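Trainee: When you get a sec, could you give me coordinates for this:
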Amino acid sequence: MNVLDCRGMHYREINARLEEWWRNGCREALLQGVNGQRYLGRAFSEGYLEIEGTPGDDVGIFLNGATVRIKGNGQDGVGNTMNRGKIIVEGDARDIVGFSMRGGKIWVRGSVGYRVGIHMKSYLDEYPVIIVGGEAGDFLGEYMAGGLIVILGLGSKKPIYGSFIAPGMHGGTIIIRGEVSEKVVSAGVKMSPLEEHEWRGVSAYLEEYSHDLALSLPSFRPSDFVKLFPLTTRPYGRIYAY
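Mentor: Residues are numbered from 1 along each chain as shown. So this is what the prediction gives:
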């Protein structure tokens, strides 16, 4: 594994070094002392990148198959427009996690900010999945068009979701542990219990999530969760101009 001490380095210098390593056949790297540098792991199609510290925005932007592990917190835009691969955040992450994500997996051990999964979509055989161990802020799943978001709320004593859940949602599924108030769910989105056959797929993702983060999850049941899904694929169809 190649190791780079990033203290005092500009993000362009770090990314240039990483991409040179990958061109020369390196497929494992450790970045130490990261503090706000952006775009780390951009568009990597294979290999493993481990980040110690707090990276800046857009970690794993355009990720195309590699695995990125953040041993700390992530900032805005984790997994921005990623196609495939996996991002593991051992702490919290901020806003627009999975922005326009269309494949791959994002695991967050802690909580996330606003607009997680905004414009998230599935594409051909790619199916994006975001699992959050803690809480999510407002506008969860805004304009979501495909994929799966799971909010576990582990250790939380307050509502594990914010306001304005899934405005403009027209595809995909959001699963939230516990009861969800209808007051915070946007128009055009329906809530229902989680079916047993749906739970089998979700539990497989949870098993992978717990393995990757070395967590021991509670013995969840389908009845612990509420499923949110759109009633139409064209929520604004009546106001489009033709």
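
Trainee: which residues of the chain score low on pLDDT?
Mentor: 239-242 (pLDDT under 70).

Trainee: what's in contact with the longest helix anywhere in it?
Mentor: Assignment by DSSP state H gives helix 196-212 as the longest helix of the chain. The contact list for helix 196-212 (C-beta atoms under 8 Å, 6 or more residues apart in numbering) reads 86, 88, 105, 107, 129, 131, 133, 148, 150, 175, 194, 215-217, 220-222, 225, 227. No exception for glycine: its C-beta is placed from N, CA and C like everyone else's.

Trainee: Swap in 10 Å and give it another go.
Mentor: 67, 69, 86, 88, 90, 105, 107-109, 127, 129-133, 148, 150, 152, 173, 175, 192-194, 215-217, 220-225, 227 (C-beta atoms under 10 Å, 6 or more residues apart in numbering).

Trainee: Helices of the protein, start to end?
Mentor: Under DSSP H, the chain gives helices at 11-23, 196-212.

Trainee: Next, format these as a markdown table and append mean neighbour count and distance to V180.
Mentor: Shown next, in a markdown table, are those (neighbours: other C-beta atoms under 10 Å; distance: least, C-beta to C-beta, whole Å):
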| stretch | mean neighbour count | distance to V180 |
| --- | --- | --- |
| helix 11-23 | 15 | 39 |
| helix 196-212 | 14 | 16 |
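
Trainee: and stretch 171-191, which residues are buried?
Mentor: 171-177, 180, 185-186, 188-189, 191 (16 or more other C-beta atoms under 10 Å).

Trainee: same deal with stretch 118-129?
Mentor: Buried residues in stretch 118-129 (16+ other C-beta under 10 Å): 118-122, 126-129.

Trainee: Closest to L40 out of these?
Mentor: P128 (19.9 Å; C-beta to C-beta).

Trainee: Touching, the closest one and I106? I think so.
Mentor: Yes: using C-beta atoms under 10 Å, P128 is in contact with I106, at 7.9 Å.
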